[in-house]
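Q: Mind folding the following:
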Amino acid sequence: MATMPSNAATLPPDTPAADRPSPWRRSRKWLLPLAGILILGLLLSHAHKVDWAGAWQSLRRYSHGRLLAVLALATASHALYGCFDLIGRRHTRHGVPVWQTWAIAVTSYAFNLNLGSLVGGVAMRARLYARAGLDEATVAQVVGISLATNWLGYGLVAGGLFAAGAITPPGDAALGAHTLRALGVLMVLLAVGYVVLCGLSHGKTWRVRGKTLRLPTARLAGVQLALAATNWALMGAAMYLLLGGKVPYATTLGVLMAASIVGVITPIPAGLGVLEAVYLALLSGTVKQNALMGAVLAYRALYYLVPLAGGVLLYLVLERSFASRASAARSPGG
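A: You can find the predicted model right below:
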């Protein structure tokens, strides 16, 4: 059986443009290993910025039972986030196995939390999906759906909390209480409007820069909101346990979501210092500062650092799986 040429230079001059390898495919052989080296370097540099001693001291203050409960909530949250990419798999109908799709999302999320969204949420996913054999257009759709799922769920939950007045901004804050409530209503309307728009699109497609795009079905959009809202609720429950129930759950979740959006707009890997600053600003009058900082450090250890170890392990498993598949494809029998 004839094999397809692997280099554009060997193709006949009259080869149709559609059959020629894209610049991405031609450069992928050296771009993907380079991306892996860069990610590893960022991971090693990040390790020096973590307050390991403070996190350990904070963890020692809690009972084993509470720590296990928080770790279970964190694990459930990370596992649930992995299902976001399964929504993209269903929508695009790509052929990457379910377990690999889920593992790629979980790995990317762990790196995202610790190294930032561009490295974890985008670069890591792009590299692993490329290794799995997906083209860049499909990768973009899967990443887009995953990001949309997360932030639509955020808009639904945070919008509801802000609109209900679950948190009161400090007196010197740029946003007043009434403005925050109005913003919350707008966030909820946007999340609900997305589901309505998906229902009205009826499979309609759009051409964007030569790529065909279409919205998910209304049912799939509803699944997006449900999964993401549950994920944010799990995150809030973890922090609620670490605060020992001293702050109402709705307030705890509202502050966490406020800290999350501040962390996104602040270009600091893992939001180092952002969580602490927001919690001090919003809860310093309710919880003693030592207990508050201890809870935040414990949360960072159990939700950020421990899952990162699992993400590294999954990353190695995925790389071994891709390497085995590539080796089998190159063998005479493959």
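Q: quick one: low-confidence parts of the chain?
A: Low-confidence segments of the chain, defined by pLDDT under 70, are located at 1-56, 58, 170-175, 208-210, 263-273, 332-334.
Q: what residue is smack in the middle of it?
A: Here the mean C-alpha position of the chain is nearest to the C-alpha of residue 109 (Cα atoms, centre = their mean), at a distance of 4.2 Å.
Q: all strands for the stretch 201-334 of the chain, in order.
A: Shown for the stretch 201-334 of the chain, the strands assigned by DSSP state E, counting those that start in this stretch span residues 205-208, 211-214.
Q: Now do the first one: which elements does it pack against?
A: By that I understand strand 205-208. Strand 205-208 sits against strand 211-214, with contacts defined as 3 or more Cβ pairs under 8 Å, 6 or more residues apart in numbering; DSSP states H and E. Where C-beta positions appear, they are placed from N, C-alpha and C, glycine not excepted.
Q: circling back: okay, the strands of the stretch 201-334 of the chain in TSV with mean neighbour count and distance to residue 277 next?
A: Conversion of the strands of the stretch 201-334 of the chain to TSV gives the following (neighbours: other Cβ atoms under 10 Å; distance: least, Cβ to Cβ, whole Å):
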stretch	mean neighbour count	distance to residue 277
strand 205-208	10	38
strand 211-214	13	38
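Q: The residue nearest to the centre of the chain contacts residue 80, doesn't it?
A: No - when contacts are counted by Cβ atoms under 8 Å, residue 109 is not listed as touching residue 80 (10.0 Å).
Q: between the strands of the stretch 201-334 of the chain, which one is nearest to residue 85?
A: The minimum distance between residue 85 and the strands of the stretch 201-334 of the chain falls on strand 211-214, with 17.4 Å, by Cβ to Cβ.
Q: Is it possible to get JSON lines of the strands of the stretch 201-334 of the chain that adds distance to residue 321?
A: Written out in JSON lines, the entries for those read as follows (distance: least, Cβ to Cβ, whole Å):
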{"stretch": "strand 205-208", "distance to residue 321": "32"}
{"stretch": "strand 211-214", "distance to residue 321": "28"}
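Q: Can you check which of these gets nearest to residue 155?
A: Relative to residue 155, the nearest member of these by Cβ to Cβ is strand 211-214, separated by 20.9 Å.
Q: picking that back up, can you say which of the strands of the stretch 201-334 of the chain is nearest to residue 243?
A: Taking Cβ to Cβ as the criterion, residue 243 comes closest to strand 211-214 out of these, the separation being 42.5 Å.
Q: returning to that earlier point: give me the packing partners of the helix or strand hosting the residue nearest to the centre of the chain, helices and strands only.
A: Secondary-structure assignment from DSSP states H and E places residue 109 in helix 98-115. With contacts defined as 3+ Cβ pairs under 8 Å, 6+ apart, helix 98-115 has these neighbours: helix 23-47, helix 64-92, helix 125-132, helix 306-330.
Q: residues in contact with the residue lying closest to residue 221 once chain neighbours are set aside?
A: The spatial neighbour of residue 221 that comes closest, neighbours along the chain excluded (Cβ to Cβ, 6 or more residues apart in numbering), is residue 198 at 4.1 Å. Taking Cβ atoms under 8 Å, 6 or more residues apart in numbering as the contact definition, residue 198 lies against 215-218, 220-221.
Q: Just among the residues you listed, which is most surrounded?
A: Across the contacts of residue 198, the neighbour count under other Cβ atoms under 10 Å reaches its highest value at residue 221, namely 26 neighbours.
Q: circling back to that earlier point, ok, residues contacting the helix holding residue 109?
A: 39, 42-43, 46, 78-79, 81-86, 88-89, 96, 119-121, 124-125, 128-129, 132, 146, 269-270, 303-305, 307-308, 310-312, 314-315, 317-318, 321.
Q: Residue 280 and residue 288 touch, don't they?
A: No - the pair residue 280 / residue 288 is not scored as a contact, 11.2 Å apart, by Cβ under 8 Å.
Q: The two: which is more packed in?
A: The neighbour comparison of residue 280 against residue 288 (other Cβ under 10 Å) goes to residue 280, with 14 against 10.
Q: quick one: contacts for the more buried one?
A: Residues in contact with residue 280, defined by Cβ under 8 Å, 6+ apart, are 289, 292-293.
Q: Count the neighbours of residue 181 for me.
A: The local packing count at residue 181 equals 16, with neighbours defined by other Cβ under 10 Å.
Q: Name the secondary structure element that contains it.
A: Assigning secondary structure by DSSP H and E places residue 181 in helix 177-201.
Q: From the chain's centroid, how far away is that helix?
A: 21 Å (Cα atoms, centre = their mean, to the nearest Å).
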